[in-house]
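>>> just coords:
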């Protein structure tokens, strides 16, 4: 990658169980293989504290505070691509993520049919009945929210194909390949 190319950010969104984190990690691996300076950021990890502030159900404000610092550190260290896995439910949340990273942000939604999501969640949360129930309920709720909000610049079908194949499709869809 030429040193004159501007830094860019990618936010991979989708319902729970869509594969956001796995695909983001693989996008990072593919960028590394191509010699592209980058960082992969799991937005769930940046919001993981308890208790959340009153009225901030998913600790979004904490995620933004941490993202500003983390993204700035990576960019200062030479990253030219930021790959984030997380959820944005509204145009305002998308705008605030873009503001937090301070560079051009592209949003890619991974689309997976709910029956496939439910199978993935059942495997992931085997022997965790209460957690599984929450994730199953949230998957339908979030899928509806994302379909209605249409926050994405591109959509990649993620039900079929391996994680590397989906990651490659994401890179092509956002024009990074």
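Thanks, I have it. It should be emphasised that the depicted structure is a prediction, and the values quoted were computed from it without experimental measurement.

>>> longest helix of this protein?
helix 129-149 (DSSP state H).

>>> and it, average pLDDT?
The predicted model gives helix 129-149 an average pLDDT of 95.

>>> Point out the other helices and strands that that helix packs with.
Counting contacts by 3 or more C-beta pairs under 8 Å, 6 or more residues apart in numbering; DSSP states H and E, helix 129-149 packs against helix 114-124. Glycine gets a C-beta too; all of them are placed from N, C-alpha and C.

>>> buried set for the helix it packs on?
117-118, 120-121 (16 or more other C-beta atoms under 10 Å).

>>> mind checking pLDDT for the residue most central in space within the chain?
By C-alpha atoms, centre = their mean, the mean C-alpha position of the chain lies nearest to residue 85, the distance being 2.0 Å. pLDDT for residue 85: 98.

>>> Ok, residue 1 next?
Per the predicted model, pLDDT is 44 at residue 1.

>>> again with the one 4 residues further on
The model reports residue 5 with a pLDDT of 80.

>>> just to revisit the earlier point, pretty sure the residue nearest to the centre of the chain sits against residue 46.
No - using C-beta atoms under 8 Å, residue 85 makes no contact with residue 46, being 10.6 Å away.

>>> Can you name the residues in contact with the lengthiest strand in the chain?
In the chain, taking DSSP state E as the definition, the longest strand is strand 104-111. Contact with strand 104-111 is made by 6-14, 18-20, 23, 88, 94, 97-98, 146, 151-159, 166, 170, 173-174, as judged by C-beta atoms under 8 Å, 6 or more residues apart in numbering.

>>> Residue 160 should be in a helix, yeah?
No - Residue 160 is assigned coil when assessed by DSSP: H, G, I helix; E, B strand; the rest coil, not a helix.
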